[in-house]
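Engineer: pasting the structure only:
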């Protein structure tokens, strides 16, 4: 329908009724709308609810509208890329984006890449987004543990100090516990010295409750 929409006579395709029908079917159709309709909040809200990335075709005014941008990033976190600089520095907007897709962290402001709460959510969604965190947070043990518990390869983006400490991540109690909490099948990787630990017993019990099959890994 998007292709057909672009082939319609100009005076026809610019009517709001036709544009609304098109964006309801596929948000990408917004790119073919008139500047006036790309500045129409009802049209843009409809478009981003079917494709968050169609925010890129909205007017500058609407890319700075918090309600519009939150709706876009809730559909596709990486639509944050097309938000105004002001909203890329808005914690509520960025939190909504990284909750949808950890990769959205790369489009956040420098200030929010240094916000521990925001970065923790991002790395728990996708450990590799540690690369986009501030230098301070790449040296934060809890943040790095959360990242490598999600994706072990994220260790590459930790500070040199923590990279050295975490080379044998399974020897770091906090990491081992976080990894089991994320995936009960990791129980068999827990070092023997942790297996008599009260905290390990609690996590193992929670893991088995979460996935009864995990009992075979204990």
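Structural biologist: Done, it's in. None of these values were measured; they are calculated from a predicted model.
Engineer: if I look at residue 77, how far off is residue 150?
Structural biologist: According to CB to CB, to the nearest Å, residue 77 stands 16 Å off from residue 150. (C-beta placed from N, C-alpha, C; glycine too.)
Engineer: for residue 101, same thing?
Structural biologist: Here residue 101 is placed at a distance of 13 Å from residue 150 (CB to CB).
Engineer: quick one: low-confidence ranges for this protein?
Structural biologist: Within the chain, the stretches with pLDDT under 70 are 1-13, 166-182, 184-197, 199-200, 203, 214-218.
Engineer: what are the ranges of the helices in it?
Structural biologist: Applying DSSP state H to the chain gives helices spanning 2-7, 10-13, 16-25, 35-38, 41-50, 66-75, 85-88, 91-100, 116-125, 141-150, 160-165, 173-182, 198-210.
Engineer: Ranking these by mean neighbour count, which comes first?
Structural biologist: helix 141-150 (a mean of 23; mean count of other CB atoms under 10 Å).
Engineer: which helices and strands sit right next to that helix?
Structural biologist: Under the contact definition 3 or more CB pairs under 8 Å, 6 or more residues apart in numbering; DSSP states H and E, helix 141-150 sits against helix 116-125, helix 160-165, helix 173-182.
Engineer: starting at the chain centroid, how far to it?
Structural biologist: 15 Å (CA atoms, centre = their mean, to the nearest Å).
Engineer: what's the angle from it to helix 116-125?
Structural biologist: Angle between the axes of helix 141-150 and helix 116-125 is 20 degrees (criterion: axes from the mean of the first three to the mean of the last three CA atoms, to 10 degrees).
Engineer: ok, back up a step: which neighbours do residue 101 and residue 150 share?
Structural biologist: Shared contacts of residue 101 and residue 150, defined by CB atoms under 8 Å, 6 or more residues apart in numbering, are found at 125-126.
Engineer: sorry, back to before: redo the helices of the chain as CSV? Include distance to residue 58.
Structural biologist: As requested, the helices of the chain are arranged in CSV below (distance: least, CB to CB, whole Å):
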stretch, distance to residue 58
helix 2-7, 16
helix 10-13, 17
helix 16-25, 11
helix 35-38, 6
helix 41-50, 5
helix 66-75, 7
helix 85-88, 12
helix 91-100, 15
helix 116-125, 24
helix 141-150, 32
helix 160-165, 40
helix 173-182, 37
helix 198-210, 42
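Engineer: so which of those comes closest to residue 135?
Structural biologist: Relative to residue 135, the nearest member of the helices of the chain by CB to CB is helix 160-165, separated by 10.8 Å.
Engineer: hmm, who's touching that closest one?
Structural biologist: Helix 160-165 has contacts (CB under 8 Å, 6+ apart) with 138-139, 141, 144, 155-156, 172.
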